[in-house]
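Student: Let's see this in three dimensions:
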Amino acid sequence: MIFADDFNENARLLLEGGVTAIPTEGIWGLSCSISEEHAIERVLRVKQRDPAKGLITLVKSFDELAHWFACPVSDVARDEIGRPSTWIIPVNSDCPRILTGGRDSMAVRRIKMPALIHLIANVGPLVSTSANRSGRPAYQFRWQVMNQLGHLVDHVARGRTQGYRQPSTIRNMQTGTIIRE
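Tutor: Here you go, the predicted model:
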């Protein structure tokens, strides 16, 4: 949940190429627009993440990125109920390498959290990675993000996660295989 009075500020900053911290389904994430390469690079610096690891992209519909996919979206992914999974999807050469970490696939999560659906509807697909330094535990509360990364991002949304306690399950789009529970 992102509080309504905070939404406009968060959306404005994302549209201007900013980096914000937002609550997701289970943990806090660092986000920016997928169309702002300098912001994506900044997310990687703030997190101290190896660019070769790639990033997750949040969408409200898989159709938003279908022009990059090198395989069809499975019915299991399209019709997924309950907590959304992050899907590893083969991509074509048009997909920006900064999103894939140089791989031939990208990680995509079709979100169901109403506040994130609304944000993506207004801003477009978002880069997302957990709002913690690489190798450290993920943050589940706003105060943790404020204490550790608040001075490094343009905005820390006012809100809370949807309540899940772990990062999303990661699955292979072509096989349905679970990569991370």
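
Student: how many other residues sit next to the residue nearest to R133 when sequence neighbours are not counted?
Tutor: Of all residues not flanking R133 in the chain, Q48 sits nearest, at 5.1 Å (C-beta to C-beta, 6 or more residues apart in numbering). The C-beta positions use only the backbone N, C-alpha and C, and glycine is treated the same way. Neighbourhood size, Q48 [other C-beta atoms under 10 Å]: 11.

Student: cool, the one 5 residues further on as well?
Tutor: Neighbourhood size, K53 [other C-beta under 10 Å]: 15.

Student: The one 5 residues further on too?
Tutor: With neighbours defined by other C-beta under 10 Å, the count for L58 comes to 27.

Student: Against V59, how distant is the residue nearest to R133?
Tutor: Taking C-beta to C-beta, to the nearest Å as the measure, Q48 falls 26 Å from V59.

Student: ok, now how distant is H118 from Y139?
Tutor: 22 Å.

Student: more crowded one of those two?
Tutor: Taking neighbours as other C-beta under 10 Å, H118 and Y139 compare with Y139 leading, 22 against 15.

Student: That one against M146, yeah?
Tutor: No: counting by C-beta atoms under 8 Å, Y139 sits too far from M146 to count as a contact (9.5 Å).

Student: Apart from its chain neighbours, what residue comes closest to P96?
Tutor: E37 (7.1 Å).
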